[in-house]
Structure formats: C-alpha cells, structure tokens
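*Asks:* okay, sequence plus prediction incoming.
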Amino acid sequence: MESKRTEVEKYFRALRDRIVARLEQLDGGTFRRTAWQRQGGGGGGEMSELRGELFEKGGCNFSAVSGDRYPGVPEGRTAEGDAALGIVPPRAEELAGKPFFAAGVSLVLHPRNPFVPVVHMNVRYLEAGPDASGGVWWFGGGTDLTPFHPFDEDTAHFHGVLQAACGPDRYARFSRWAREYFFIPHRNSERGVGGVFFDYLRGDDSFSFVRGVGDAFLTAYTPIVERRRATPFSDADRTAQLEWRGRYVEFNLIYDRGTLFGLRSGGNVEAIFMSLPPLVSW
C-alpha cells in the first residue's frame, strides 16, 4: 500500500504534466524543464518555464523536499466553523525541531496581452514529525485571478468553477480567506478579483478536495484565455498592465507564504522567484 506522501507526490507530478501540456497547446511554445536538488540534500523538484507568444512568462513547478527541522512557525488563525471544515492549524510544539516533508505544485502565468488575466495556483502537502501517522500533516493551496482590466463574465466563470469544485460551505470560507490573504495592506487593496485560499486542511476527504481544486484549474482559466487572447490593446494598456504587475511583485516578495517557506526550507531560488513577471514598472 502506498504511503500518503507517495500518493500525493504521484498526483502532483501528474497534475503538473497535464497543466503544462494544455498550456503548451494554448501558447504554441514549449516549457523548458530544469531539475534541481535541495541545498544540503532532502529532495528537490523540477522548474518548468515558458517564454512564449501568449504567455510572456509562465511557470508550473513541482517540488518534494524534506529536512531535519520544520522551517518557521505556523501562521494559523481560525474562524468560527473552521474545525467542521477540517481546518486544524498545528501547534507550535508539534512543529518545533521536527523533521518535515513538503510537496506541491505552484503555477503563475503572466500573459502578454493585458486583457488576459494573470493567474496563480498552488496545491501543497506538508508533514512534520516522523511520518504522516506519527506526526502532523495537512494540505493547503489556492488559486486567484489578477486581471489588469476585470470582466464580470470572466470573474463569474472563474468563481463558478471554484464553487462547484469546493462545495458551498468550503467555497464560502475559502473565497473569504482568499480576499483576506491576497490583500495588500500597504496598498489598501486586493491584488485581483479573488479566488480561493485554504491551509491546515486535514481529514479523510482532504486529499480528494485538493485533487478537485487542482483538476478545476484548467476548466476555470482556459476559457478566459481563449475569450481574451485576441483582444486589441494600446500602448497605454500595456503601460498600465506593467504598473499593475508591480502590485503582484510587492505581494509575492513581502507576504506570500509559499515564497517565505521556499526560502526558509532551502528551496531553489530560481524556482521560488518564477512567480515574478519578466517586465514590470512602478
């Protein structure tokens, strides 16, 4: 019988491969794959990067790393009803000094056309302690849409797919969590039109839920790309797009949990900063 981490790792690799294959069809280009090993040992990953015509820069990375000590402390803040949804943040003493394992898929796409929105998606699995049975484990992740120029029908489609994938109760909580998480305090604004965000998800159905979110990504995003990719745009639109990308950079460098965890856990720096756009202005 496969261990939980083996089963999760196999699914994440397959999800990455499916997403990359579909994005290559949309763009006409090819992702360049680069394997890497964690500093000091303990797994590694593969960075997949595209510099294409449709996607000015895109990345879809897989990683599976382990180490002797869990990097950092939990950032868990629960809301009423979270336990019923399977959200159980680990206690600091469950993580401090414990070995860890983390696996995930992380994706960010920066389209060339300003009217095709930037999109982010991440699904991840973490263990702290000897293994999933002797320690603590949980899933996290999310996806959000960051358009320079929002279209109501695009936003409705994106959220509609996510609501169907999550179910009404979890969608209500996780879409609210996304609005809170993807908020830029120093700008006093959200970075886009939201999506879903979740963390510390446990329980018997948590893996099937994460598979549902991962599998929903292409359904949520590709129709928007196909609808907007040929939209004419001006130099002024392009200038505004590059300025809006600055908000994305600020969030990822200051607040993003995945960026911070990757750096603290000895991840590949190029893969971690894959999320940043090729061009940006302030």
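*Replies:* The structure has been received and is ready for your questions.
*Asks:* could you pull up phi and psi at Glu190?
*Replies:* phi -70, psi 160 (degrees, to the nearest 10).
*Asks:* sorry, that was for Ile272
*Replies:* Backbone torsions for Ile272, taken as degrees, to the nearest 10, come to phi -60, psi -40.
*Asks:* who's in contact with the nearest residue to it once chain neighbours are set aside?
*Replies:* Counting by CB to CB, 6 or more residues apart in numbering, Gly262 is the residue found nearest to Ile272 once chain neighbours are left out, at 4.1 Å. For glycine as for every other residue, the C-beta is placed from the backbone atoms N, C-alpha and C. Applying CB atoms under 8 Å, 6 or more residues apart in numbering, we find Gly262 in contact with 63, 268, 271-272.
*Asks:* 10 Å instead, please
*Replies:* Neighbouring residues of Gly262 by CB atoms under 10 Å, 6 or more residues apart in numbering: 45, 61, 63, 65, 71, 102, 104, 106, 256, 268-269, 271-273.
*Asks:* the residues you listed in strands, which ones?
*Replies:* Using DSSP state E, the members of the contacts of Gly262 that fall in strands are 45, 61, 63, 65, 102, 104, 106.
*Asks:* just to revisit the earlier point, report the buried members of the contacts of Gly262.
*Replies:* Neighbour-count burial (16 or more other CB atoms under 10 Å) is assigned, among the contacts of Gly262, to 45, 61, 63, 65, 71, 102, 104, 106, 256, 268, 271-272.
*Asks:* what does the pLDDT read for Asn91?
*Replies:* Actually, residue 91 is Arg rather than Asn. pLDDT recorded at Arg91 is 89.
*Asks:* what does Ser234 give?
*Replies:* 97.
*Asks:* and it, its phi and psi?
*Replies:* phi -100, psi 170.
*Asks:* that one and Ala240 touch, don't they?
*Replies:* Yes. Proximity of Ser234 to Ala240 meets the contact threshold set by CB atoms under 10 Å, at 9.4 Å.
*Asks:* so the two - more neighbours on which side?
*Replies:* Taking other CB atoms under 10 Å, Ser234 and Ala240 do not tie; Ala240 has more neighbours (16 against 9).
*Asks:* quick revisit: quick one: buried residues of the host helix or strand of the residue nearest to Ile272?
*Replies:* Using DSSP states H and E, Gly262 sits in helix 257-264. Buried residues in helix 257-264, counted by 16+ other CB under 10 Å: 257-262.
*Asks:* ok, the nearest residue to Glu270 once chain neighbours are set aside - contacts?
*Replies:* Nearest residue to Glu270 in three dimensions, chain neighbours excluded: Met47, at 6.4 Å (CB to CB, 6+ apart). By CB under 10 Å, 6+ apart, the residues touching Met47 are 31-36, 59-63, 106, 268, 270-272, 274.
*Asks:* per-residue pLDDT, Met47?
*Replies:* Reported pLDDT for Met47: 95.
*Asks:* give me the beta-bridge partners of it?
*Replies:* When bridges are called by DSSP bridges, Met47 pairs up with Thr34.
*Asks:* what strand or helix carries the spatially most central residue of the chain?
*Replies:* The centroid of the chain falls nearest to Asn122 when counting by CA atoms, centre = their mean (2.1 Å). Here Asn122, judged by DSSP H and E, is contained in strand 118-128.
*Asks:* convert the C-alpha atoms of the helix or strand that that strand is followed by to PDB, please.
*Replies:* For strand 118-128, the succeeding helix or strand toward the C-terminus, using DSSP H and E, is strand 136-146. This file holds the C-alpha atoms of strand 136-146, laid out as PDB (Å, rounded to 0.1, in the frame of the first residue of the first chain):
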ATOM      1  CA  VAL A 136       1.000  16.000  11.900                       C
ATOM      2  CA  TRP A 137       0.100  16.600   8.200                       C
ATOM      3  CA  TRP A 138      -2.100  19.000   6.300                       C
ATOM      4  CA  PHE A 139      -3.000  20.300   2.800                       C
ATOM      5  CA  GLY A 140      -3.000  23.900   1.700                       C
ATOM      6  CA  GLY A 141      -3.300  25.800  -1.500                       C
ATOM      7  CA  GLY A 142      -5.500  28.100  -3.600                       C
ATOM      8  CA  THR A 143      -5.900  30.000  -6.800                       C
ATOM      9  CA  ASP A 144      -6.700  33.600  -7.700                       C
ATOM     10  CA  LEU A 145      -7.200  35.700 -10.800                       C
ATOM     11  CA  THR A 146      -5.400  39.100 -11.200                       C
END
